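**Q** Sequence and computational prediction follow.
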Amino acid sequence: MEWESVIGLEIHAQLSTRSKAFSGAATRYGAEPNTQACAVDIALPGVLPVFNEQAARMAVKFGLAIGAQINHRSVFARKNYFYPDLPKGYQISQYEIPVVAKGSLTIELDGHERLIGITRAHLEEDAGKSLHEDFHGMTGIDLNRAGTPLLEIVSEPDLRSAKEAVAYMKKLHQLVVYLGICDGNMQEGSFRCDANVSVRRKGDPKFGTRAEIKNVNSFRFVEKAIEFEIERQIDLIESGKSVVQETRLYDADKDQTRSMRSKEEAMDYRYFPDPDLPPLVVDEAFVREVQATLPELPDARRARFMSQYGLNRYDAGVLTSSREMAEYYETAVRESKGDPKIVANWIAVELSGYLNLDNKDIAESPVSAKMIAGLVQRIADNTISGKIAKEVLEAMWAGEGDADAVIAKKGLKQITDTGAIEKAIDEVIAKNTAQLEQYRAGKEALFGFFVGQVMKATRGKANPQQVNELLKKKLAG
């Protein structure tokens, strides 16, 4: 019988606040260990937490973006467990009443769209970090992350494959970065995932026993970890064994998951309302205030780019992949006053090729939107051909100036003088009399040969359209 996987993701997005969730300590990444942990973070006796309002704004902003229910009254709870990097012996989180409930996100995979439910998004604080590698026989504890605000986004078990899980995770990553509530830096742990995976026979309404894969921080590893876990569980069941509910870790070196500990249930954490924190209350005025700060969201922007600029779905998707990319494109269109489709091609194909090669983001591009606009203008006014424009872009990327500077420095201005082009054509025909006879005898494929020879003779600077028109007349005799 065929098997079906059932997957739900818990995404931890670190909120981009300057201070922590319940203290004034900084959240800057990369500081020396334990230099950004204050008395509240390390749980000295007598200290009291004070909630960071910016974290609430960011949570509400996310909730509005996914069409979720915003709970006007939510409660902070203590999640009790004991681990060396958790000084209080509990984590402040939200349990029964989260700030965001019941939303959804549309993903697209292989040309098909699916609506994925989001159960909840709740606020909580991060724990510290245990360091095992640099200490022989001991564990180091860095409490810089302790108290950093997180938004935990819990999906419904609606995902049915590793690829769907990655598509959902990428869409969520794009959204939180677009909203400006998370920097999305997975290497620094700002956006990480726990994947709950189970399998069942197709058609069976009941879920199988799930395993949770903890703290996966790359899209590729999420896909590989889930694929391995699906196969592991199927193999267990088909061999007559049972899947154990447990927490597992993904080992990227061995490309496998391994058991970490038995999976806790909610009752194991002994949740109860935090007596040091009042309920979080957000009224309608607060929600309206946050609503006013929402940017144009990725799906809406992509649809607008398709209708307003006539772009295809793929190019519109590339150009709205980030707010910076979308703004770069619209600036280039505005500055060039040219065809939006041509501008899109130079950014989505040519410039993106350089960005990918050098592993740069659009914000790091040495070629500004204004410079791309200038390049498109020089193509439009026939100063250079599309082929020469690629050479110009290469020089611009290398830091040799804008399009006009590169064209002047390298002498790349297109030849549009009819007399000069005719002279080049006459010289090419005179040198290739055998090919001329074959062409006139009916071998029309040789036309491309003559075009190539003329372009070679003019070092690629002749206007291609003029070359084609004049060459046809000359070859016809």
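**A** On my side now, so go ahead.
**Q** which regions of the protein sit below the pLDDT cut-off?
**A** Residue ranges of the chain with pLDDT under 70: 1, 263-266, 414-417, 477.
**Q** What strand or helix carries the most centrally placed residue in it?
**A** Nearest to the mean C-alpha position of the chain, by Cα atoms, centre = their mean, lies residue 174 at 4.7 Å. Here residue 174 sits within helix 162-179, counting by DSSP states H and E.
**Q** State whether residue 297 and residue 65 are indeed in contact, as I suppose.
**A** Yes - look at residue 297 against residue 65 with Cβ atoms under 8 Å: they come within range, at 6.0 Å. C-beta: built from backbone N, CA, C; applies to glycine.
**Q** Can you pull the residues that touch both of these two?
**A** Residues within reach of residue 297 and of residue 65 at once, by Cβ atoms under 8 Å, 6 or more residues apart in numbering, are residue 175.
**Q** tally of neighbours for residue 67?
**A** Using other Cβ atoms under 10 Å, residue 67 has 11 neighbouring residues.
**Q** What helices and strands are in contact with the helix holding residue 174?
**A** strand 3-14, helix 53-65, strand 100-109, strand 112-125, strand 149-155, strand 191-201, helix 219-238, helix 298-309 (3 or more Cβ pairs under 8 Å, 6 or more residues apart in numbering; DSSP states H and E).
**Q** These into JSON lines, with extra columns for distance to residue 457 and mean neighbour count?
**A** Output for the helices and strands packed on helix 162-179, formatted as JSON lines (distance: least, Cβ to Cβ, whole Å; neighbours: other Cβ atoms under 10 Å):
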{"stretch": "strand 3-14", "distance to residue 457": "59", "mean neighbour count": "21"}
{"stretch": "helix 53-65", "distance to residue 457": "58", "mean neighbour count": "22"}
{"stretch": "strand 100-109", "distance to residue 457": "49", "mean neighbour count": "18"}
{"stretch": "strand 112-125", "distance to residue 457": "52", "mean neighbour count": "19"}
{"stretch": "strand 149-155", "distance to residue 457": "62", "mean neighbour count": "23"}
{"stretch": "strand 191-201", "distance to residue 457": "55", "mean neighbour count": "21"}
{"stretch": "helix 219-238", "distance to residue 457": "49", "mean neighbour count": "18"}
{"stretch": "helix 298-309", "distance to residue 457": "38", "mean neighbour count": "16"}
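**Q** Now render the ones you listed as a markdown table, adding distance to residue 427.
**A** Shown next, in a markdown table, are those (distance: least, Cβ to Cβ, whole Å):
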| stretch | distance to residue 427 |
| --- | --- |
| strand 3-14 | 65 |
| helix 53-65 | 64 |
| strand 100-109 | 54 |
| strand 112-125 | 57 |
| strand 149-155 | 68 |
| strand 191-201 | 62 |
| helix 219-238 | 55 |
| helix 298-309 | 43 |
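**Q** which of the residues in stretch 363-381 are buried?
**A** By neighbour count on 16 or more other Cβ atoms under 10 Å, the buried set for stretch 363-381 is 365, 367, 369, 371, 372, 373, 374, 375, 376, 377, 378, 379.
**Q** Please flag which of those residues sit within strands.
**A** Using DSSP state E, no member of the buried residues of stretch 363-381 falls within strands.
**Q** Looking at these, which is nearest residue 348?
**A** Residue 348 has its nearest neighbour among the buried residues of stretch 363-381 in residue 372, at 11.2 Å by Cβ to Cβ.
**Q** For that closest one, list the residues it contacts.
**A** So residue 372 contacts 332, 336, 343, 346, 347, 351 (Cβ under 8 Å, 6+ apart).
**Q** next one: residue 35
**A** Contact analysis of residue 35 by Cβ under 8 Å, 6+ apart lists residue 144.
**Q** picking up where we left off before, for the closest residue to the residue nearest to the centre of the chain other than its chain neighbours, what are its contacts?
**A** Computed as Cβ to Cβ, 6 or more residues apart in numbering, the closest residue to residue 174 that is not its neighbour in sequence is residue 298, at 5.7 Å. Counting by Cβ under 8 Å, 6+ apart, residue 298 makes contact with 174, 175, 178, 320, 321.
**Q** Work out for me the element the last one sits within.
**A** In this structure, residue 321 is located outside every helix and strand according to DSSP H and E.
**Q** hang on, isn't it packed against residue 173?
**A** No - the criterion here is Cβ under 8 Å, and residue 321 misses it with residue 173 at 10.6 Å.
**Q** about what we covered before: out of the contacts of residue 298, which is nearest to residue 399?
**A** residue 321 (25.1 Å).
**Q** which one is that closest one nearest to, not counting chain neighbours?
**A** residue 174 (6.8 Å).
**Q** how far away is that neighbour from residue 208?
**A** Distance, residue 174 to residue 208, using Cβ to Cβ, to the nearest Å: 31 Å.
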